Every structure is written in C-alpha cells, then in structure tokens.
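Undergrad: Provide a 3D model corresponding to the input given below.
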Amino acid sequence: MEKYVNAPLTEGAAAELRAGDYVYLSGTIYTARDAAHKRMYEALERGEQLPFAMENNVIYYMGPSPARPGKPIGSAGPTTSGRMDKYTPTLLDLGLKGMIGKGKRNQAVRDAIVRNGAVYFAAVGGAGALLSQSILSSEVIAYEDLGTEAIRRLEVKHFPVIVVMDAQGNSLY
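TA: Coordinates of the predicted model:
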C-alpha cells in the first residue's frame with residue numbers, strides 16, 4: 001500500500017504503517033551514523049542532553065557525499081543499520097519513532113520497535129543520487145568534526161521508503 005506520511009511521526013501514524021507499505025516521507029528527519037550514535041550514547045551516559053530530541057523523530061542512517069553546486073546535498077544512500085543496533089534500543093526508549101537504513105536488525109532492536117510503537121524503514125541501497133532529489137535542505141546541527149558522519153537536519157518531500165518492520169512486530173526480513 002502507498003502512503004504519504006509526515007515527519008516527525010505521530011504515534012498514530014506509526015501505528016497505522018504495516019510491513020510492506022510504500023511510504024513517501026515529508027518533513028524533518030535527522031541523519032546519524034556509527035560515530036554520531038556512539039557520541040550520543042556516551043552523552044547520555046554522562047547525563048548530557050542530545051543534539052536533538054528523540055521523541056517522534058526519524059533518524060536516517062546516511063552519510064552524504066559532497067553537494068554539487070546549487071544542490072543541498074550529494075548522493076544520500078542508506079548505510080547498513082546493524083552497526084547502530086547497540087545504541088538503538090536506548091534511543092527508541094527515549095521516543096525515537098522511526099529509522100531509515102538497510103539490512104536486518106537484531107532481536108533487541110526488534111523488541112524495542114514493538115515496545116515503543118516505532119517503525120523501521122528501508123531505503124534502496126545504490127539509489128543515493130535518486131534519493132537526494134527528495135531532500136530540500138541539509139544543515140549540520142552537531143558533531144561537525146565527524147564530516148559526513150555529522151548529524152544533519154534534513155527537510156524532505158516525498159522521500160521514498162518501505163516499511164520493513166512495523167510497530168506490531170511484522171517484518172519483511
């Protein structure tokens with residue numbers, strides 16, 4: 001089923017999505033990869049605030065290539081999600097509502113998705129140039145020293161993803 005969904009996600013919107021749905025996301029999402037996740041996790045362990053509130057937000061596991069002149073971002077394909085599995089249950093418990101990446105997730109992440117009514121979306125690997133066409137703006141908001149792994153706030157319109165794990169525990173994997 002094809003659906004148009006706004007981000008941040010509401011609990012109701014996340015609950016309505018089912019594994020296999022084709023979704024076009026519009027609104028604000030954030031990027032974070034391995035190094036950014038590690039820093040956020042360490043910040044939480046020290047009792048510090050995160051660079052953005054997790055509640056109802058979506059994280060895209062992506063590190064873009066440099067933007068061409070006149071474009072907000074370069075190629076923007078997904079990275080393997082499993083590398084973030086160590087940190088993901090904690091972020092889901094803080095209210096993270098969606099993740100975009102590629103590949104399977106471990107059992108702790110699957111349990112946390114169900115426990116928190118979240119969803120895991122897949123973006124098509126190898127289609128980064130196409131995916132970048134749905135990104136209207138990109139702004140580094142934290143960890144600029146990480147380069148392509150810095151946390152970015154993206155404004156997207158009709159960003160194409162597929163629900164691969166839904167809030168009820170159904171999975172395409």
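Undergrad: what ranges do the helices span in the protein?
TA: Remark: helices assigned in the chain by DSSP state H are 11-16, 34-45, 88-93, 107-116, 128-132.
Undergrad: would you mind measuring from residue 25 to residue 1?
TA: Residue 25 is 15 Å from residue 1, where distance means C-beta to C-beta, to the nearest Å. For glycine as for every other residue, the C-beta is placed from the backbone atoms N, C-alpha and C.
Undergrad: so which bits of the worst-scoring helix or strand of the chain on mean pLDDT are buried?
TA: Between all helices and strands in the chain, the lowest mean by mean pLDDT, DSSP states H and E belongs to helix 128-132, at a mean of 87. By 16 or more other C-beta atoms under 10 Å, the buried positions in helix 128-132 come out as 128, 131, 132.
Undergrad: what's the answer for stretch 40-52, then?
TA: So, applying 16+ other C-beta under 10 Å, buried residues of stretch 40-52: 40, 41, 50, 51, 52.
Undergrad: now swap in stretch 140-153 and tell me
TA: For stretch 140-153, by 16+ other C-beta under 10 Å, it's 142, 143, 146, 149, 150, 151, 152, 153.
Undergrad: end to end on that stretch, go ahead and measure it.
TA: 6 Å (C-alpha to C-alpha, to the nearest Å).
Undergrad: distance from the chain centre to it, please.
TA: How far stretch 140-153 lies from its chain's middle: 14 Å, per C-alpha atoms, centre = their mean, to the nearest Å.
Undergrad: average pLDDT across it?
TA: Stretch 140-153 carries an average pLDDT of 95.
Undergrad: and the end-to-end length of stretch 118-138?
TA: Where stretch 118-138 begins and where it ends lie 24 Å apart, using C-alpha to C-alpha.
Undergrad: ok, stretch 64-80 next?
TA: For stretch 64-80, the end-to-end distance is 14 Å (C-alpha to C-alpha).
Undergrad: now stretch 121-141
TA: Note: stretch 121-141 ends 23 Å apart using C-alpha to C-alpha.
Undergrad: out of the buried residues of stretch 40-52, flag the one nearest to residue 173.
TA: Nearest to residue 173 out of these is residue 41 (C-beta to C-beta; 24.5 Å).
Undergrad: show me what contacts the closest one?
TA: Residue 41 makes contact with 86, 87, 90, according to C-beta atoms under 8 Å, 6 or more residues apart in numbering.
Undergrad: among those, name the buried ones.
TA: 87, 90.
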